[in-house]
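>>> I'll drop the sequence and a predicted model, then ask my questions.
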Amino acid sequence: MNIENNYLIKQKTILTVIKKQNIMKNIINKTSSKIIGILLLISILGFTISQSPLVQEEKQLIIGTWIVGDEITNKWIFTSNNECKWELDGKIIGKFTYIIDSELSYSGLEHTFLKLTTVNSTVSEVGEEIEYTINGLGERKMILEYNTGIGISYTHFTKQ
């Protein structure tokens, strides 16, 4: 009987230790998950909030009315609230939201791009995204590069 009691006490002790270990593992896992989640959130916010000086500058420079090539009735109008309208012969043929962002190449060079998302258009589907590389953007001139699928197309703009 005494041996059985000792055996039962040892089993209960072992089970208690195992339960305590499991509780500690759960606490550590939950704490680790929270810490990883917080670090991930801080990283995402850091990338979202902090933009390169080039991106910030181009976001300011793009605002205004741009004439496509030498077609005075073909215009792209960018607003400060990230809206873009395509106007042809005085009629709006497309409404888009836009973002300007950048990527770093393998060599460390920063390349900026313009992404338009269709809101309403006669030339693209609602929700369709069109991405252009910003090849050049200054006070008066802009060059956008677009991959047509069979080659690269460059569109030149002059600010009105």
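Yes, it's here.
>>> mind showing which ranges of this protein have poor pLDDT?
1-15, 17, 31-50 (pLDDT under 70).
>>> so where do the strands sit in the protein?
For the chain, the strands defined by DSSP state E occupy 64-68, 71-78, 83-88, 91-104, 110-121, 129-137, 141-147, 152-159.
>>> which one of those strands lies closest to Asn26?
Proximity to Asn26, assessed across the strands of the chain by C-beta to C-beta, is greatest for strand 91-104 (40.3 Å). For glycine as for every other residue, the C-beta is placed from the backbone atoms N, C-alpha and C.
>>> for Glu57, find the nearest of the strands of the chain.
strand 129-137 (8.4 Å).
>>> check the offset of the closest one from the chain's centre.
15 Å (C-alpha atoms, centre = their mean, to the nearest Å).
>>> give me the helices and strands touching it, please.
For strand 129-137, the elements it packs on are helix 53-61, strand 110-121, strand 141-147, judged by 3 or more C-beta pairs under 8 Å, 6 or more residues apart in numbering; DSSP states H and E.
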